[in-house]
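Engineer: with the sequence up front, the predicted model follows.
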Amino acid sequence: MAFDFDLFVIGGGSGGVRAGRVAAQNGFKVALAEEFRMGGTCVIRGCVPKKLMVFGSQFSESFIDAKSYGWDVPTHPTFEWKNFRAKMHGELDRLEGIYRNLLKNNDVTVYDSRAVVKDAHTVVLRDGHEVTAKTILVATGGHPVVPDFEGSQYAITSNDIFLLEELPNKILIVGGGYIASEFAGILNGLGVEVTQAYRGDQILRGFDDEARKVIAEGMVEKGVDLRLNTDVAKIEKVADTFCVTFKDGSEETFEKVMYATGRRPNTDGLGLENAGVALGKSGEVVVDDYSATGVPSIYAIGDVTNRIQLTPVAIREGMAFVETVFKGNPTKVDHDLVPSAVFTQPEFGTVGLTEDEAAAQEPIEVYATTFKPMNHSFAGRPDRVLMKLVVSKANRKVLGVHIVADGAGEMIQMAGIAVKMGATKEDFDATVAVHPTMAEELVTMKEPVRST
Ligand SMILES: Cc1cc2nc3c(=O)[nH]c(=O)nc-3n(C[C@H](O)[C@H](O)[C@H](O)COP(=O)(O)OP(=O)(O)OC[C@H]3O[C@@H](n4cnc5c(N)ncnc54)[C@H](O)[C@@H]3O)c2cc1C
């Protein structure tokens, strides 16, 4: 049977754009449908605008520190959200244009439309137009979900933050994951009074416990009112504000309430059931190591598969899909030892096993140090840094690296290479320190602080 295209990609985000572009570069006839804006979550309402906001928010501390370094700065520097927002959206428009051009220059046919799956080889566009393809790639990403409770309709999500007309004076952020914690730091840095409520014992569940504690303490030190073991019962609108009743019965009024308690794969109404594609408990597309669904012509990559929800992982999955399906080179995606950063303030970089995970697996040694780095110490700031290595006793391999420090995201990219290569503690020790830096501690820790 002759198809309209070799590949039809649904979703113009990190994974879909990469897979579509590379398949087209290899001579295949490719189409891609995007229902919102090209670039997807990362470019339009995720990594990129968030990181720009992190940069913007850090100036408040820089102004204070600058005085300690001899600079004459105004006592009350002010931040104009509208000026920043306009510049930020200008940058997002520019990046969206780049994504669009990448596709155009590689002869990918772009449909600015929602696409739904009709059967194993057919998708239907918003105007009813049907398109056939030998292979369909589902790369539709995910979306934030607010749980259902009284007044939940008043809650905003991370999608809305980037579009706010005005910054609120006072916000409640509900959630303890990386998105909630990052926005707590961002808005706090921009001068908003931030309360972060999380129902668990500590934020950033799933990450190394010692690092979680240092980050939480650092956030509180910087002014975030972090309330653990706290959950919302209801939200009532009172004029332009929101009265929040917590589950302990206490009440407090906020100008905005933001929920970042979870995301769900975009599969509702996508028609995958029509083609016989299996969905998991959270609505994710169930795939094997090659990103193949149970239907031979349909694959899925990125957040919609609910594996590791990070842009570079979606891109890797897209590349592996092209190798497998279009280059005759079956390639599994390696989801092991993926380094990542959490842009909280203080920042966090991590790769490999947490101390608890490693200890459950085998006997370990833990090398860790916390200290006040030179730049903060000079400025009179209390911020602490954590450098931590989790080491296998049996083969001396570094199983995990956890860094809480300015620039931890940059540092962990480098440490991740060593860990991925299987470096031992002795390999770290054999590397000469770079002085004076914070990262030099990673190669100078002599005695374990704990061992199991
Ligand atoms: C606030 C926030 C911060 C983040 N920060 C980071 C970070 O710092 N680092 C990092 O690595 N990751 C970060 N992420 C995660 C990252 O954005 C995602 O992992 C990544 O975008 C996933 O790529 P994807 O291609 O799977 O999906 P997406 O980028 O979500 O793209 C999916 C696209 O499909 C479109 N679509 C959906 N359904 C249809 C349909 N039926 N028809 C047509 N189009 C459709 C959507 O409009 C969307 O554009 C962040 C996410 C959020 C929300």
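Structural biologist: All right, it came through fine.

Engineer: identify the bridge partners of H143.
Structural biologist: Beta-bridge partners for H143, by DSSP bridges, are R264.

Engineer: where's it relative to P265, distance?
Structural biologist: 8 Å (Cβ to Cβ, to the nearest Å). Where C-beta positions appear, they are placed from N, C-alpha and C, glycine not excepted.

Engineer: cool, and D231?
Structural biologist: With Cβ to Cβ as the criterion, D231 and P265 are 25 Å apart.

Engineer: residue of the stretch 351-452 of the chain with the smallest distance to the ligand?
Structural biologist: Per Cβ to the nearest ligand atom, G409 is where the stretch 351-452 of the chain lies closest to the ligand, at 8.3 Å.

Engineer: skipping its backbone neighbours, what lies nearest that residue in space?
Structural biologist: Among residues not flanking G409 along the chain, A341 sits closest, at 3.1 Å (Cβ to Cβ, 6 or more residues apart in numbering).

Engineer: for L442, what are its contacts?
Structural biologist: Counting by Cβ atoms under 8 Å, 6 or more residues apart in numbering, L442 makes contact with 387, 389, 401, 403, 411, 415, 428.

Engineer: can you list the buried residues in stretch 435-443?
Structural biologist: 438-439, 441-443 (16 or more other Cβ atoms under 10 Å).

Engineer: return the subset of the contacts of L442 lying in helices.
Structural biologist: Those of these mapping onto helices are 411, 415, 428, per DSSP state H.

Engineer: show me the contacts for the last one.
Structural biologist: Contacts here follow Cβ under 8 Å, 6+ apart; on that basis F428 touches 389, 398, 418, 442-443.

Engineer: now with 6 Å, please.
Structural biologist: V443 (Cβ atoms under 6 Å, 6 or more residues apart in numbering).

Engineer: contact residues of the chain facing the ligand?
Structural biologist: Counting by Cβ under 6 Å from any ligand atom, the chain comes close to the ligand at 10-16, 33-36, 40-42, 46-47, 50, 114-116, 139-141, 158, 179, 266, 270, 302-304, 309-312, 314.

Engineer: determine how far the helix or strand hosting F63 lies from the middle of the whole chain.
Structural biologist: Assigned by DSSP states H and E, F63 belongs to helix 47-68. Distance of helix 47-68 from the chain centroid (Cα atoms, centre = their mean, to the nearest Å) equals 19 Å.

Engineer: can you flag the buried ones in the residues of the chain next to the ligand?
Structural biologist: For the residues of the chain next to the ligand, buried by 16+ other Cβ under 10 Å: 10-16, 33-35, 40-42, 46-47, 50, 114-116, 139-141, 158, 179, 266, 270, 302-304, 309-311, 314.

Engineer: which of those fall in strands?
Structural biologist: Among these, DSSP state E puts 10, 33, 115-116 in strands.

Engineer: please export the C-alpha coordinates of stretch 244-255 as CSV.
Structural biologist: Only the C-alpha atoms of stretch 244-255 are listed here, as CSV (Å, rounded to 0.1, in the frame of the first residue of the first chain):
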residue,chain,number,x,y,z
VAL,A,244,-7.0,28.7,51.3
THR,A,245,-8.1,26.4,54.1
PHE,A,246,-5.4,23.9,54.9
LYS,A,247,-6.2,20.4,56.2
ASP,A,248,-5.3,21.3,59.7
GLY,A,249,-8.1,23.8,59.6
SER,A,250,-6.0,27.0,59.4
GLU,A,251,-6.8,29.6,56.8
GLU,A,252,-4.7,32.1,54.9
THR,A,253,-5.2,34.4,51.9
PHE,A,254,-3.0,34.5,48.9
GLU,A,255,-3.1,36.4,45.6
